[in-house]
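Chemist: quick one: sequence and predicted model below, then my questions.
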Amino acid sequence: MIITKQKDVETLVKNLSGRTVFLVGCSECATLCHTGGEGEVVSLKTVLESHDIVVSGWVVLDPACHLMNDKRMLKTYDQQVRSAEVILVLACGNGVQTVAELFPTKEVRAGTDTMFLGEISRTTEFDKRCIICGECLLDSFGGLCPLSRCPKLMLNGPCGGSVGGKCEVDSTMECVWDTIYQKAKQQGNLDQLAVLQPPKDWSKSLEMKRRL
Amino acid sequence: MGFRSTLEQVLAEGRFVVTAEIGPPKGADAEKIRQKATLLRGFAHAFNVTDNQTAVVRLSSLAASVILLQMKLEPVMQMTCRDRNRIALQSDVLGAAALGVRNMLCLTGDHQSFGNHPSARGVFDVDSIQLLHMIGDMRDRGVFQSGDKLRATRPEVFLGAAANPYADPLELQLMRLQKKIAAGAQFIQTQSVYNVEKFLCWMDAVRSLGLDKEVHILAGVTPLKSVKMAERMKFHVPGADVPDAVYQRMKSALNPKEEGYAIALETLRSLKKVSGVKGVHLTALFWEEIIPSLVKDVGLHPSL
């Protein structure tokens, strides 16, 4: 899941003041994050209109990152999009760019900040789980990722700042190395943690395109 | 008026400047640097020390700069943004200034995939323009990038940046050059010139914007040592522009080394006459010994 956070409404209103806007949401991640589903799109529409911003229409794409799907879905909204000066997209950074690709002459703006790839722990709680590094190391750490869950990306055990299983950067956060350790111990896999992890091959994260 | 460095002074006095590049070795070998420096002493006003150029690990530019200072030569310490974040960069600026480095050249840096550690994680926390701005603020306002204040001595350095007259689109590249000047660049060293005609067009655009009055432009020259090098420059070095005519001259020459020398000499003679060009920057890759005669032949001997 791509976790997003809606941008500050005041800033959105300020940037759109006096303009006609078409709103775009996303049926997948942004819906589950409560940042760009139907509910959020409609409520933002109300807020914008209360600030005298004209909303020419809205749609929730299924999902926004699907170029061909977007093309098909947006056909029905052609007139509404055309009469708008700005398209505001409530989706992840990918969704914004896919929509922008479809309307090269329009101003397309991002309505959210994209945070991380993570888990929905509770309905309104999200935890970072992956930094899309291009070469998964989970098997070496009992399925827990120190790259996405340790601020220092430590691969050979916790740093000296970890106290009582909590992270030195944020004491409300678990030290992932404490979790890795507890799990390995319980499973009788402590030997695995004694393996010297070499520097990571970051060139694997440079792939800019993949075709099936 | 007090000048921060000899380079700044020579440029301010309107004398034609020569800078030459010294690439540090792939080992903890100070003698290698001293040898190159001894060879070039007296033939350039200042010496650029590269910072892990093409992303290949070498002796650090800060250490090599200090070795030059010990020889009473003036370094232009190059700094790239590839390997250090803003904390390390600012720390090195303070350290270098404390050790006597007075010229710095701010670059973004070649991507690590081109070097000898392609699996490295690139830093790129700031870019060359932000780096210029950051050092300029440390020097002129006494503040770090975060806004935190420096204690006591500020780094008194003369700041430079690079420009590529061959990069596209020209309009955007000129905007970048203007940004670099606004960010604090006081001198510019350009990509090596082989295509003189296109360089003249770029200079024309630079003059039209009045930028030659705001920054000292030093044109880059890299003598071609062999046909292989001409090929590499023409087909593989990103941003370089070797025209077919130059390439053909190298290919058909009986003695490519002599031809490369002749081309460099002609290029330098043309560049000397260009309005707005305040000097030349010589990069003789693995051919440093050629620089003294080149400088003499073109009549640019700094001690003259």
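Modeler: That came in fine, so what should we check first? Numbering: from 1, shown residues only, chains lettered A, B, ... in the order given.

Chemist: ok, for residue B:166, nearest residue in space, not its chain neighbours?
Modeler: Of all residues not flanking residue B:166 in the chain, residue B:241 sits nearest, at 4.0 Å (Cβ to Cβ, 6 or more residues apart in numbering or on different chains). Where C-beta positions appear, they are placed from N, C-alpha and C, glycine not excepted.

Chemist: what segments of the chain are strands?
Modeler: Using chain A. Secondary structure of chain A (DSSP state E): strands located at A:2-6, A:20-26, A:54-61, A:86-89, A:107-110, A:112-122, A:125-130.

Chemist: sorry, should have said chain B
Modeler: All strands of chain B, identified by DSSP E, fall at B:17-22, B:46-49, B:75-80, B:103-107, B:158-163, B:187-192, B:216-221, B:277-282.

Chemist: so residue B:123 is in contact with residue B:82, correct?
Modeler: Yes - the pair residue B:123 / residue B:82 is scored as a contact, 6.1 Å apart, by Cβ atoms under 8 Å.

Chemist: need the residues that contact stretch A:74-89.
Modeler: By Cβ atoms under 8 Å, 6 or more residues apart in numbering or on different chains, the list of residues contacting stretch A:74-89 from outside reads A:12, A:16, A:19-24, A:26, A:36, A:44, A:56-57, A:59, A:61, A:64, A:95-96, A:99-100, A:102-103, A:106-112.

Chemist: which residues touch residue 157?
Modeler: All of this is about chain A. So residue A:157 contacts A:177, A:193 (Cβ under 8 Å, 6+ apart).

Chemist: try again with chain B
Modeler: Contacts for residue B:157 (Cβ under 8 Å, 6+ apart) come out as B:4-5, B:93, B:96-97, B:101-104, B:135, B:139.

Chemist: residues in contact with the biggest helix by length in chain B?
Modeler: Assignment by DSSP state H gives helix B:256-272 as the longest helix of chain B. Residues outside helix B:256-272 that contact it (Cβ under 8 Å, 6+ apart): B:16, B:193-194, B:196, B:199, B:219, B:221-227, B:229-230, B:246, B:249-250, B:253, B:277, B:280, B:290, B:294, B:297-298, B:300.

Chemist: from these, which land in helices?
Modeler: Using DSSP H, the contacts of helix B:256-272 in helices are B:196, B:199, B:227, B:229-230, B:246, B:249-250, B:294, B:297.

Chemist: so which of those is the closest to chain A?
Modeler: Distance to chain A across those (Cβ to the nearest Cβ) is lowest for residue B:229, with 27.1 Å.

Chemist: let's have the ones in helices among the contacts of helix B:256-272 in a markdown table, adding neighbour count and pLDDT.
Modeler: Conversion of those to a markdown table gives the following (neighbours: other Cβ atoms under 10 Å in any protein chain shown; pLDDT from 0 to 100):
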| residue | neighbour count | pLDDT |
| --- | --- | --- |
| B:196 | 18 | 98 |
| B:199 | 24 | 98 |
| B:227 | 17 | 97 |
| B:229 | 21 | 96 |
| B:230 | 24 | 97 |
| B:246 | 22 | 97 |
| B:249 | 17 | 97 |
| B:250 | 24 | 98 |
| B:294 | 22 | 96 |
| B:297 | 15 | 95 |
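
Chemist: what's the pLDDT at the closest residue to chain A within the stretch 151-300 of chain B?
Modeler: Closest residue of the stretch 151-300 of chain B to chain A, Cβ to the nearest Cβ: residue B:238 (16.0 Å). You'll see residue B:238 listed with a pLDDT of 83.

Chemist: from the contacts of stretch A:74-89, which would you call buried?
Modeler: For those, a burial check counting by 16 or more other Cβ atoms under 10 Å in any protein chain shown picks out A:12, A:16, A:21-24, A:26, A:36, A:44, A:56-57, A:59, A:61, A:64, A:95-96, A:99-100, A:106, A:108-112.

Chemist: contact partners for the residue nearest to residue A:175 when sequence neighbours are not counted?
Modeler: Closest residue in space to residue A:175, ignoring its immediate chain neighbours: residue A:162 at 4.0 Å, by Cβ to Cβ, 6+ apart. Taking Cβ under 8 Å, 6+ apart, we find residue A:162 in contact with A:168, A:175, A:177-178.
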